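S.K.: What shape does this take:
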Amino acid sequence: MKKIVIGKIIALNPINNNLQQASINLGDETITLVTGAPNVRLLQLVAVALPGAEIFDIKSQKMVTVITKKFEDVISAGVLASGKELGINNDHSGILTFDSSYQPGDVIDTNILSHNPRWNKYLKLNQLKEPQMDVIIDPILIEQVLTRGVKEIFPGKAALKQLMLSGKRLKLYTGIDPTANFIHMGHFIWMKKLAEFQKLGHQVIFLIGGFTAMVGDPDKQYTREPLTKDQVWANFQSYQKTAANILDFDWEANPITILNNFDWLSKITLEDWLQIMSSVTMQHILSHDMFKKRLVEEQPIRLHELSYPLMQGFDCVAMNVDLEVGGSDQTFNMLTGRILARELINKEKFVLTLKLLTDTSGKKMGKTTGNAISSNDSPENMYGKVMAWADNMIFQGFELLTDENLKEFSEKNIAADPMQFKKILAKTIVSKLKTKAAAEQAAEFFTKTVQQKEAPTDIRIIKREELLNLNNKQITSLVKNLLSITALTNSNAEAKRLIIGGAVWINNEKFLDPNQTVELNKIEMIKAGKRNWLKIID
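M.R.: All right, here's what the predicted structure looks like:
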């Protein structure tokens, strides 16, 4: 039943010097109530507490239940409430009002509303899905969620743990900019962590960076190419399909809400943007390692890039969350959000950063570095990439990507038989992102083609005419481009890495120069790494 809703004042009639009779449109009905608020005006959108709702009573300083009351022969079927009565701030100077972005009948969740009404116009009151389960306060489970794969917690682990043990239902999120059409292992890490919070009964938001993706998170080397709305949305469709293997979006007991920051960032007024900008110093923005590196190397920094941390940071204000979860490479942006939450809505937001999956050189495994294990990879390729990891990467794989008991899958045990543990890890990952059957086939494929040196019996085959069409009918191609257009690699960067590493053969010749030209009419077989084969027929 609706308890606190948006109403529109459509009529006002004085009762005496202090009270007025108000007719309130709630969308599907009109009610009458009595109010003595000084700021009541016709056509205002206001907060209406209906009978049964609990609000804070100023006189008794206690929570009370709203009931139907009679004032001088006028029956009041509710209360026009102030911010203090709703428990979102200390303002009792008048009723809480809303702008035209809201509609009569919208249900108000006071946990969503900002402490500063100025920012309420950017909120979507009816979009969050309510958990139907109780919050789980098992100290062992909470400790595991706050420890496994976690790098840092701001302002501190002890404070967040105490809050979770109190039984408070946290509202938390991770944002993802859909800048490519696949999910990589780095995404898997934070999705797994969101799933852990979801299982404890907390309210999880999967935030699409529909607006921020069009700007692009600043890179150490260069300004990112802006994306269009259509590109972003197409990429997200691919993201969600894979994410559903990790996150249960439709779990009845506690469904996950999908939001899009385009809904609020595209509507920010210049006046409000200036207020957001004034909450953060230029010294803070330029302390970002991305910007510091470019300043030292005298590389250009575009003004819109300086705005990116503010835009991403404002997300937590718009959603009024308790916690943000993300990779440690996003620490700066998440802490910028902490500043904005404190300055704009007087709220302390927790930040939980996660360890990154890194290769043997210490580089983050992701789409930018070109060494990602992608959701677009075939099961065989995905399995084989894990098997290609160095032995010292196996433990972090189990810690960050699986739910296995780390006492059994300890570094000591792994060191005793790294190959066997690596196979278990590879099969676990493929099973999660693909299927168990696909993982079994991938394991068999690896044993035959790599360990036993057999050529695969199910080599992918394309016609030469198709190959030429993929190359825009040009009969020559650079080797790195050839691997990309035939989907033997996910990108030119990955192709270049394989070629320089001596893992690319065309016919019976090894190619070591990514920019070497090959004639497509002479190619019969391409091998990229130990797992990817392609046969060309006429």
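
S.K.: Tell me which helix or strand comes right after the helix or strand in which residue 413 is found.
M.R.: Assigned by DSSP states H and E, residue 413 belongs to helix 411-416. As assigned by DSSP H and E, the chain's next helix or strand after helix 411-416 is helix 418-433.

S.K.: what residues does whatever helix or strand comes next after that next one touch?
M.R.: Next along the chain after helix 418-433, taking DSSP H and E as the criterion, comes helix 436-446. For helix 436-446, the surrounding residues in contact (C-beta atoms under 8 Å, 6 or more residues apart in numbering) are 378-380, 382-384, 387, 423, 426-428, 430-431, 434, 456, 531. (Glycine included, C-beta is placed from N, CA and C.)

S.K.: could you redo the last one with a cut-off of 7 Å?
M.R.: For helix 436-446, the external contacting residues (C-beta atoms under 7 Å, 6 or more residues apart in numbering) are 379-380, 382-384, 387, 423, 427, 430-431, 456.

S.K.: Please name the nearest non-neighbouring residue to residue 381.
M.R.: In space, residue 381 comes closest to residue 531 once its chain neighbours are excluded; the distance is 5.3 Å by C-beta to C-beta, 6 or more residues apart in numbering.

S.K.: wait, I meant residue 232
M.R.: Spatial nearest neighbour of residue 232, excluding adjacent residues (C-beta to C-beta, 6+ apart): residue 213 at 4.6 Å.

S.K.: OK, contacts around residue 64?
M.R.: Counting by C-beta under 7 Å, 6+ apart, residue 64 touches 55, 57.

S.K.: Same check on residue 364?
M.R.: Here residue 364 is in contact with 186, 329, 356, 358 (C-beta under 7 Å, 6+ apart).

S.K.: Roughly how far does it sit from residue 290?
M.R.: Using C-beta to C-beta, to the nearest Å, residue 364 is found at 13 Å from residue 290.

S.K.: circling back: of the contacts of residue 364, closest to residue 117?
M.R.: Residue 117 has its nearest neighbour among those in residue 329, at 34.7 Å by C-beta to C-beta.

S.K.: looking at it, that closest one is touching residue 358, isn't it?
M.R.: No. Contact criterion C-beta atoms under 7 Å: residue 329 and residue 358 do not qualify, at 10.6 Å.

S.K.: From residue 79, how far off is residue 56?
M.R.: From residue 56 across to residue 79, the span is 11 Å (C-beta to C-beta).

S.K.: More neighbours: which of those two?
M.R.: It is residue 79, of residue 56 and residue 79, that has more neighbours when counted by other C-beta atoms under 10 Å, with 24 against 16.

S.K.: For the closest residue in space to the more buried one that isn't next to it in sequence, list the residues it contacts.
M.R.: Nearest in space to residue 79, with sequence neighbours left out and distances taken as C-beta to C-beta, 6+ apart, is residue 49 at 4.5 Å. Applying C-beta under 7 Å, 6+ apart, we find residue 49 in contact with 4, 55, 66, 78-79, 81.

S.K.: 10 Å instead?
M.R.: Going by C-beta atoms under 10 Å, 6 or more residues apart in numbering, residue 49 touches 3-5, 33, 55, 65-66, 78-81, 85-86, 108, 110.

S.K.: who's it bridged to?
M.R.: In this entry, residue 49 is beta-bridged to residue 4, residue 79, by DSSP bridges.

S.K.: Around the spatially closest residue to residue 365 that is not a sequence neighbour, how many other residues sit close by?
M.R.: Excluding its sequence neighbours, the residue lying closest to residue 365 (C-beta to C-beta, 6+ apart) is residue 357, at 4.8 Å. Other residues near residue 357 come to 25 when the count uses other C-beta under 10 Å.

S.K.: and residue 357, backbone torsions?
M.R.: Per-residue torsions, residue 357: phi -80, psi 120 (degrees, to the nearest 10).

S.K.: how close does it get to residue 185?
M.R.: According to C-beta to C-beta, residue 357 and residue 185 sit 5 Å apart.

S.K.: in the stretch 201-350 of the chain, which spans are strands?
M.R.: Using DSSP state E, counting those that start in this stretch, the strands assigned to the stretch 201-350 of the chain run over residues 203-208, 257-260, 323-327, 350-354.

S.K.: what's the closest of those to residue 415?
M.R.: Nearest of these to residue 415, taken as C-beta to C-beta: strand 350-354 at 24.5 Å.

S.K.: Please save the CA atoms from the closest one in PDB.
M.R.: Listed next in PDB are the C-alpha coordinates belonging to strand 350-354 (Å, rounded to 0.1, in the frame of the first residue of the first chain):
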ATOM      1  CA  PHE A 350      31.700   4.200   2.000                       C
ATOM      2  CA  VAL A 351      34.100   3.200  -0.800                       C
ATOM      3  CA  LEU A 352      35.200  -0.400  -1.100                       C
ATOM      4  CA  THR A 353      38.000  -1.000  -3.600                       C
ATOM      5  CA  LEU A 354      38.900  -4.400  -5.100                       C
END
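
S.K.: by contact count, what packs against the helix or strand following that strand?
M.R.: Once strand 350-354 ends, the next helix or strand along the chain (criterion: DSSP H and E) is helix 379-387. Here helix 379-387 touches helix 185-199, helix 394-401, helix 418-433, helix 436-446, strand 532-537, going by 3 or more C-beta pairs under 10 Å, 6 or more residues apart in numbering; DSSP states H and E.

S.K.: what is the orientation angle of the longest one with helix 394-401?
M.R.: Relative orientation of helix 418-433 versus helix 394-401 (axes from the mean of the first three to the mean of the last three C-alpha atoms, to 10 degrees): 20 degrees.

S.K.: how distant is helix 418-433 from the center of its chain?
M.R.: Mean C-alpha position of helix 418-433 versus that of the full chain (C-alpha atoms, centre = their mean, to the nearest Å) differs by 26 Å.

S.K.: what's the angle from it to helix 379-387?
M.R.: 140 degrees.

S.K.: between helix 418-433 and helix 185-199, how big is the angle?
M.R.: Counting by the same axes, to 10 degrees, helix 418-433 lies at 70 degrees to helix 185-199.

S.K.: I'd like the average pLDDT over helix 418-433.
M.R.: Across helix 418-433, pLDDT averages out at 93.

S.K.: Buried residues in that helix, which are they?
M.R.: By neighbour count with 16 or more other C-beta atoms under 10 Å, helix 418-433 contains the buried residues 418, 421-433.

S.K.: ok, now the shortest one?
M.R.: Neighbour-count burial for strand 532-537, counted by 16+ other C-beta under 10 Å, picks out 532-534, 536.

S.K.: Could you tell me which ranges of this protein sit under the pLDDT cut-off?
M.R.: Scanning the chain for pLDDT under 70 picks out 1, 219-225, 360-361, 366-372, 449-458, 508.

S.K.: one more time with 80
M.R.: In the predicted model, the chain carries pLDDT under 80 at residues 1-2, 124-126, 180-182, 216-227, 238, 359-372, 448-459, 507-510, 530-531, 538.
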